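A.B. asks: The sequence and its predicted three-dimensional model are supplied below.
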Amino acid sequence: MPGARSRRRVEANYWPGFVDALSSLLLVIIFMLSLFMLTQFFLGQEIQGRDTALARLNSQIAELTESLQLERSNAEDLNTQIAQLTATLGSAQSENADLSSQLAGIGAGIEGKDEAIAGLQGDLLEAQELSDEANAQVALLNQQLAALRTQIGALETALEASEARDSQSRTQIADLGRRLNVALAQRVQDLSRYRSDFFGRLREILEGRADVRVVGDRFVFQSEVLFDPGQADIQQAGLPDLDALADAILQLEDEIPPDINWVLRIDGHTDSRPISNERFPSNWELSAARAISVAQYLVSRGVSPNRLVAAGFGEFTPIDPGTTEEAYRRNRRIEFKLTEG
């Protein structure tokens, strides 16, 4: 009987040790899960910061695209540089798209880690048998977290490089726009000076003619100087005036540098009384035919065709709104305007 009681006491001593061991194992697992959750929280904060940086970069790229659309491309060398900058921006946008895809992949990876942690929580009752496997998963998760940090660092470096390229592109575009505006302003100033000289010569040549005058920035010939009523063929009496005009244009072609693009616009105008015949169904056709006749005659006198533009305005742009014979006579005219090509 004493021997039996001794055996029961020995058997009863195993149970407290087993409980202590199981409690210690549960504490370790809970500590590990808490560590995972903290790690996931800080990782989420880092990724949110990357999203903010990416949004800022996309906004800057959108602003740069709008600036590019506003740039003028009149000079061929400036157009080439702007096209190169546009290609650079396209490359930056492609890189940003790649970065966005990588960030999306990182987000998907994080969701996968959350699912793994949830699975570990469901297996707490089998912790003793799965302890070795849990330790292996912890080590793997730590490796993955380290890899994620490395990827985030690489993304940060790429974003900084892209921002630097965008800043340099904006600076170059601003400089190109300033240079283009200066060049255009200089061309307009030069053309205005040559226009003033050209009109000055015509005033000297046609001085004393009441039917030839200057109106604003245009030289105006009354139609009666060059054409019979309702006709578009130049009459002989008007040829000397056109010869003088051709000589002045030829002299102007020699003086204006070839890099200034200019044309002499010839505008035909009629009065408001309608015309309708087999040759000219309307005043529009008559005014256009007269402007073309003048242009063809100037070309026959040696003026370059690429420096002349003929246009017909019919009765739609009168300089005198009246309905008297004098108003009709003033509105029947041929205008010459030196302008940009």
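C.D. replies: Great, that's in hand. Residues are numbered from 1 along each chain as shown.

A.B. asks: use CA for all of it now, contacts and neighbours both
C.D. replies: Noted.

A.B. asks: any idea where the strands of this protein begin and end?
C.D. replies: Assignment of strands within the chain using DSSP state E yields the ranges 212-215, 218-222, 262-269, 308-312, 333-340.

A.B. asks: partner strands of the fourth one, parallel or antiparallel?
C.D. replies: Read it as strand 308-312. Strands adjacent to strand 308-312 in the sheet, as given by DSSP bridges, are strand 262-269 (parallel).

A.B. asks: same deal with the shortest one?
C.D. replies: Strand 212-215 has its sheet partners listed here by DSSP bridges as strand 218-222 (antiparallel).

A.B. asks: any residues touching the partner strand, and which ones?
C.D. replies: By Cα atoms under 8 Å, 6 or more residues apart in numbering, the surrounding residues in contact with strand 218-222 are 199, 211-214, 329-330, 332-338.

A.B. asks: angle of it against strand 333-340?
C.D. replies: Here strand 218-222 runs at an angle of 160 degrees relative to strand 333-340 (axes from the mean of the first three to the mean of the last three Cα atoms, to 10 degrees).

A.B. asks: Which residue ranges of the protein form helices?
C.D. replies: Listed in chain order, the helices of the chain (DSSP state H) span 2-12, 14-70, 76-122, 127-205, 223-226, 239-255, 283-300, 325-331.

A.B. asks: I'd like the mean pLDDT over the first one, please.
C.D. replies: So that's helix 2-12. Taken as a whole, helix 2-12 carries a mean pLDDT of 53.

A.B. asks: Repeat that for the fourth one.
C.D. replies: When the per-residue pLDDT values of helix 127-205 are averaged, the result is 69.

A.B. asks: Per-residue confidence at the closest residue to P321 other than its chain neighbours, what does it come out as?
C.D. replies: Leaving out its chain neighbours, the residue that sits closest to P321 by Cα to Cα, 6 or more residues apart in numbering is A327, at 7.0 Å. We have a pLDDT of 95 for A327.

A.B. asks: Tell me how far A327 lies from R213.
C.D. replies: From A327 across to R213, the span is 15 Å (Cα to Cα, to the nearest Å).

A.B. asks: Equivalent analysis for I249, please.
C.D. replies: From I249 to R213 the distance is 17 Å (Cα to Cα).

A.B. asks: Who has more neighbours out of the two?
C.D. replies: Using other Cα atoms under 10 Å as the criterion, I249 and R213 rank with I249 on top: 21 against 18.

A.B. asks: The more buried one contacts P305, doesn't it?
C.D. replies: No - counting by Cα atoms under 8 Å, I249 sits too far from P305 to count as a contact (11.6 Å).

A.B. asks: sorry, back to before: can you name the two of the contacts of strand 218-222 that are farthest apart?
C.D. replies: Across those, the longest distance by Cα to Cα is 23.9 Å; it joins R329 and L338.

A.B. asks: the more surrounded of the two?
C.D. replies: The residue with more neighbours, out of R329 and L338, is L338; 22 against 16, by other Cα under 10 Å.

A.B. asks: Tell me the confidence at the more buried one?
C.D. replies: 87.

A.B. asks: Going forward, the N-terminal residue is numbered 12.
C.D. replies: Yep, numbering from 12; the last one is L349 now.

A.B. asks: Any stretches of the stretch 212-352 of the chain with poor pLDDT?
C.D. replies: Scanning the stretch 212-352 of the chain with the threshold set as pLDDT under 70 gives 212-221, 352.

A.B. asks: residues contacting I277?
C.D. replies: Applying Cα under 8 Å, 6+ apart, the residues near I277 are 302, 305-306, 319-322, 345-348.

A.B. asks: beta partners of it?
C.D. replies: Beta-bridge partners, per DSSP bridges, of I277: A321, F347.

A.B. asks: Need phi/psi at R284.
C.D. replies: Here is the backbone geometry of R284 (degrees, to the nearest 10): phi -80, psi 130.

A.B. asks: With distance to L68 as added columns, please give the strands of the chain in TSV.
C.D. replies: What follows is the strands of the chain, written out as TSV (distance: least, Cα to Cα, whole Å):
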stretch	distance to L68
strand 223-226	55
strand 229-233	52
strand 273-280	44
strand 319-323	49
strand 344-351	41
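
A.B. asks: Quick one: closest of those strands to Q154.
C.D. replies: strand 344-351 (69.1 Å).

A.B. asks: tell me which residues in that closest one are buried?
C.D. replies: For strand 344-351, burial by neighbour count (16 or more other Cα atoms under 10 Å) applies to 344-350.

A.B. asks: from these, which is closest to F52?
C.D. replies: Distances from F52 to the buried residues of strand 344-351, taken by Cα to Cα, are shortest for T350, at 68.5 Å.
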